[in-house]
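Asks: I need the structure of the sequence given here:
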Amino acid sequence: MKLISATWFGALALAAASGWAQSAGPTDAQIAAIVVTANQVDIDAGKLAQSMAASKDVKDFAQLMVTDHSGVNKAATELVQKLKVTPEDNPTSASLKKGGDENVAKLKQLKGAAFDRAYVDQEVTYHVNVLDAIDKHTVVVEAMRFVPERLSVQRGDRVVWVNKDLFAHTATATGGAFDSRNIAPNASWTYVASEPARYAYVCSLHTTMTGTLTVQ
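Replies: Alright, predicted model coming up:
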């Protein structure tokens, strides 16, 4: 789990350094709240598993979660203080906390192998959901525009174009790096930013619609 912890902390550092506020993603303050909340949820579940798990392996895993994520939260808190960023509660952090509280309540009703299985399964699902919250950016297509028209992301981030217009659009890179083909109304298309570069793109059906994706 060192990798997962490093990923969460690295996401916070990258967000603070590159300015998420320029994109449709979370702001620096919101990212800080997401990271701190996500780690605290893992700490709470881990402490419960330390006392209730039946398997020694699961107890050891829970101890690792508590130790790792406590360390990450300490480092994250020190970083946001240095950068003078105050964590800001937001729908994502609130949802994580609510889900964490509900998970702990459900786990308390289980015993033995059933508890162990539920705890480990939840850990896997939870890590995937948190990383998803951090590395996804949204471009809304509406009123014959890409919003935002300019978006900066990190390599490996996912960019989702969501079509809210009444007719189909595309997100087509002028150099051929990516092409969504037709995105129907109320549909979406996802692109994983794999190569650092500055990509100009258009809607091939309405070429006055333009945008720029910068992958760092």
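
Asks: quick one, domains of this structure?
Replies: 2-135, 143-215 (automatic domain parsing).

Asks: quick check: mean pLDDT across stretch 63-71?
Replies: In this model, stretch 63-71 carries a mean pLDDT of 93.

Asks: how about residues contacting stretch 42-56?
Replies: Residues from elsewhere that reach stretch 42-56, judged by CB atoms under 8 Å, 6 or more residues apart in numbering: 58-59, 61-66, 69-70, 73, 100, 103-104, 107-108, 110-113, 115-116, 119, 122-123, 126. Any C-beta I mention is one placed from the backbone N, CA and C, and that applies to glycine too.

Asks: show me which of the residues you listed are buried.
Replies: Among the contacts of stretch 42-56, those classed as buried by 16 or more other CB atoms under 10 Å are 58-59, 61-62, 65-66, 69-70, 73, 100, 103-104, 107, 115-116, 119, 122-123, 126.

Asks: narrow these to those in strands?
Replies: Among these, no member falls in strands (criterion: DSSP state E).

Asks: hmm, back to that, in helices only, show me the contacts of stretch 42-56.
Replies: Cross-referencing the contacts of stretch 42-56 against helices under DSSP state H gives 58-59, 61-66, 69-70, 73, 100, 103-104, 107, 112-113, 115-116, 119, 122-123, 126.

Asks: follow-up on the earlier one: pick out the shakiest of the domains of the chain, pLDDT-wise.
Replies: Out of the domains of the chain, domain 2-135 stands lowest, with a mean of 81 (criterion: mean pLDDT).

Asks: who touches Arg158 in this structure?
Replies: Asp135, Lys136, His137, Thr190, Tyr191, Val192, Ala193.

Asks: quick check: chain neighbours aside, which residue is closest to it?
Replies: Lys136 (4.9 Å; CB to CB, 6 or more residues apart in numbering).

Asks: quick one: that neighbour from Ala38, how far?
Replies: Counting by CB to CB, to the nearest Å, the gap from Lys136 to Ala38 is 15 Å.

Asks: skipping its backbone neighbours, what lies nearest Ser152 in space?
Replies: Thr214 (4.5 Å).

Asks: count of neighbours near that neighbour?
Replies: A count of nearby residues for Thr214, using other CB atoms under 10 Å, gives 16.

Asks: you'd agree it is in a strand?
Replies: Yes - assessed with DSSP: H, G, I helix; E, B strand; the rest coil, Thr214 lies in a strand.
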